[in-house]
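Asks: Show me how the following folds:
(one chain, ligands or ions: 1)
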Amino acid sequence: MPPPARLIRIDPSDNVAVVANDGGLYQGAEVDGVTLQSHVPQAHKVALTALAAGDTVRRYGVVIGQTTEGVPAGGWVNEANLKMPAPPLLQGLPIATRLFEEAVPLEGYTFQGYRNADGGVGTRNIFAVTNTVQCVSGVVGHAVERVRREMLPSFPNVDGVVALDHTYGCGVAIDAPGAVVPIRTVRNIARNPNFADSTMVVSLGCEKMQPSRLFPELFDDGAEDQSPRANGHASLVTLQDETHIGFEAMIASILETAERHLEQLNRRQRETCPASDLVVGLQCGGSDALSGVTANPALGFAADLVVRAGGTVMFSEVTEVRDGIDQLTARAASPEIANELIREMDWYDRYLACGEADRAANTTPGNKKGGLSNIVEKAMGSIIKSGSMPISGVVPPGERARSNGLLFTATPASDFICGTLQLAAGMNVHVFTTGRGTPYGLAEVPVIKVATRSDLARRWHDLMDVDAGQIISAGETIETMGWLMFEKFLKVASGEKTCAEQLGLANQLALFNPGPVT
Ligand code: CA
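Replies: Numbering: from 1, shown residues only. Predicted structure coming up:
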């Protein structure tokens with residue numbers, strides 16, 4: 001017998017609810033006092049009362065648009081009959097108005113991590129090679145492959161070697177205001193705790209992003225030859241160095257330096273670390289209308305647990321919070337933090353306006369197929385994953401997180417760019433929720449993927465780490481699923497491989513470059 005027809009309404013004031021059943025519901029289905037007027041796919045919205053043209057449609061207790069035509073009770077509400085409202089103005093917002101009860105500390109939770117000299121904790125032990133310009137990428141790729149094949153087997157404690165490849169470094173207006181974002185991103189990625197401050201640098205020699213600009217600490221103050229300090233862990237190979245006679249000499253230089261780094265990394269040992277050393281980066285991609293019903297609320301519960309344990313949680317994706325900025329400024333822990341949130345929103349509004357676009361350009365054909373009619377609805381489902389704690393800091397794009405608690409790390413919603421910027425901010429665990437499905441992974445940090453629907457988790461059984469669809473399909477609660485995720489963070493941080501790691505799936509890094517190219 002098929003499971004009974006089920007609609008999910010989030011807030012008592014909502015006049016639409018979404019179809020929970022796998023495969024959707026058919027015309028004539030009776031549920032919650034309405035009769036479906038047509039087939040409505042899973043995760044799509046059904047009108048709970050008759051709506052006239054111009055009526056407001058509410059989901060999550062928030063207005064997500066106005067109807068463009070009459071919709072009968074049991075009718076399908078989607079992007080064709082729903083007009084999107086304007087975003088909230090950035091003036092007159094509630095500033096740090098929300099009162100929070102003292103959160104109950106969560107004690108006694110630990111994981112096995114790699115403690116670094118600067119106090120940060122790695123969850124993987126990775127040898128990273130960055131570069132100052134993409135010209136060297138082919139050479140670095142060749143060298144990294146030889147490190148992997150010929151050297152890694154002799155260093156069993158090192159989990160892997162990765163080239164931090166990017167497309168920046170030359171052919172850009174390096175002094176333009178926007179250039180600070182990609183420059184500090186490349187710098188801070190190299191400092192991610194998984195690399196133990198042991199990232200090696202390969203330079204060409206003539207590029208605009210000179211090594212001394214990227215890593216000033218590598219160089220003696222005032223030294224004219226720009227020779228790297230001998231006492232630093234990081235080290236530099238410059239391909240245009242006159243001692244390099246041909247390609248093999250460059251590779252030999254890189255491998256020789258790599259060996260010293262590998263020896264150092266191989267001495268790293270996991271030790272017991274409190275959960276407060278978790279730095280969890282959250283994002284979603286390939287979202288559907290169940291993202292905000294299953295995976296994201298459960299992730300929000302798990303995020304609260306990390307914050308209560310004293311850890312750090314970063315949520316991001318400016319265009320997916322822009323329509324809920326009033327909720328975020330109210331949740332800011334101080335007026336200064338609220339104003340930093342507004343500053344990031346304002347900067348991004350102007351950035352999009354330069355390209356003659358706005359936040360509405362975010363939604364994809366797949367989002368709409370998944371029942372998300374517009375960015376307002378998507379944003380409400382996206383913000384839920386930030387949980388309920390006060391927002392205790394804002395991290396501009398490419399900067400490092402400097403405090404614990406719940407942080408807004410201002411990044412585009414683009415999966416690859418958001419992940420890259422959270423890597424620069426210092427995350428040591430990445431959590432990614434998806435409804436449509438994505439095989440996303442990173443070589444630099446473990447990525448835990450959470451399915452919003454059991455149907456997706458079943459089909460992609462070897463790609464999804466957590467099935468949050470069980471909140472619908474198996475009657476799990478948001479709380480039990482949140483605890484399950486929190487425990488998964490600790491296991492993965494201790495070395496348990498994620499699906500993407502087992503399959504060796506990793507996306508390329510993608511820098512955010514708002515500056516001009518020359
Ligand atoms: Ca995303």
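Asks: can we go C-alpha only for contacts and neighbour counts from here?
Replies: Noted.
Asks: Up against the ion, what does the protein have?
Replies: Within the chain, the residues that sit near the ion (C-alpha under 5 Å from the ion) are 284, 285, 413, 414, 415.
Asks: rerun at 8 Å
Replies: With C-alpha under 8 Å from the ion as the criterion, the chain comes near the ion at residues 283, 284, 285, 286, 317, 412, 413, 414, 415, 416, 418.
Asks: what two of the residues you listed are the furthest from one another?
Replies: 286 and 412 (14.7 Å; C-alpha to C-alpha).
Asks: could the residues of the chain next to the ion be laid out in CSV, adding secondary structure and distance to residue 406?
Replies: Conversion of these to CSV gives the following (DSSP: H, G, I helix; E, B strand; the rest coil; distance: C-alpha to C-alpha, whole Å):
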residue, secondary structure, distance to residue 406
283, strand, 14
284, strand, 17
285, coil, 20
286, coil, 24
317, coil, 14
412, coil, 18
413, coil, 18
414, coil, 21
415, helix, 20
416, helix, 22
418, helix, 17
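Asks: Which one of these sits in the busiest neighbourhood?
Replies: For the residues of the chain next to the ion, neighbours were counted using other C-alpha atoms under 10 Å, and residue 418 has the most, 29 neighbours in all.
Asks: Double-check that residue against residue 317; I have them as touching.
Replies: Yes - at 6.8 Å, residue 418 counts as touching residue 317 under the criterion of C-alpha atoms under 8 Å.
Asks: Name the residues contacting each of those two.
Replies: Both residue 418 and residue 317 are in contact with 283, 411, 412, where contact means C-alpha atoms under 8 Å, 6 or more residues apart in numbering.
Asks: hang on, the earlier thing: from the residues of the chain next to the ion, pick the one nearest residue 518.
Replies: residue 412 (22.9 Å).
Asks: Look up the closest residue to residue 441, ignoring the ones flanking it.
Replies: residue 506 (4.4 Å; C-alpha to C-alpha, 6 or more residues apart in numbering).
Asks: Return the per-residue confidence for that neighbour.
Replies: Here, the pLDDT recorded for residue 506 equals 97.
Asks: And residue 1, by the same measure?
Replies: The model's pLDDT for residue 1 equals 71.
Asks: likewise residue 227?
Replies: Value for residue 227, per-residue pLDDT: 47.
Asks: hang on, residue 254 in a helix?
Replies: Yes - counting by DSSP: H, G, I helix; E, B strand; the rest coil, residue 254 is found in a helix.
Asks: Residue 235 is in contact with that one, correct?
Replies: No - if you go by C-alpha under 8 Å, residue 254 and residue 235 don't touch, sitting 9.9 Å apart.
Asks: can you confirm residue 303 is in a strand?
Replies: No - going by three-state DSSP, the assignment for residue 303 is helix, not a strand.
Asks: thought it was touching residue 384?
Replies: No - judged on C-alpha under 8 Å, residue 303 makes no contact with residue 384 at a distance of 10.2 Å.
Asks: Burial check on residue 80, number of neighbours?
Replies: 11.
Asks: Tell me who's in contact with it.
Replies: Contact analysis of residue 80 by C-alpha under 8 Å, 6+ apart lists nothing.
Asks: Residue 57 in helix, strand or coil?
Replies: Looking at residue 57 with three-state DSSP, the answer is strand.
Asks: Contact partners for it?
Replies: 14, 15, 16, 63, 64, 65, 66, 67.
Asks: before we move on, what about residue 434?
Replies: Residue 434 is in contact with 284, 285, 286, 287, 288, 291, 295, 449, 450, 451, 452, counting by C-alpha under 8 Å, 6+ apart.
Asks: farthest pair in these?
Replies: Taking C-alpha to C-alpha, no two of the contacts of residue 434 sit farther apart than 288 and 449, at 14.7 Å.
Asks: Rank the helices and strands of the chain by mean pLDDT and give me the bottom one.
Replies: helix 365-369 (a mean of 88; mean pLDDT, DSSP states H and E).
Asks: Can you show me the strands along the stretch 201-350 of the chain?
Replies: Counting by DSSP state E, counting those that start in this stretch, residue ranges of the strands within the stretch 201-350 of the chain are 236-238, 271-274, 279-284, 312-315.
Asks: that older thread, out of the contacts of residue 434, who's nearest residue 333?
Replies: residue 284 (24.5 Å).
Asks: and the closest one, what does it touch?
Replies: Here residue 284 is in contact with 382, 415, 432, 433, 434 (C-alpha under 8 Å, 6+ apart).
Asks: Where do the domain boundaries of the chain fall?
Replies: By the assignment in automatic domain parsing, the chain contains the domains 7-83, 113-266, 280-503.
Asks: Cool, thanks, signing off.
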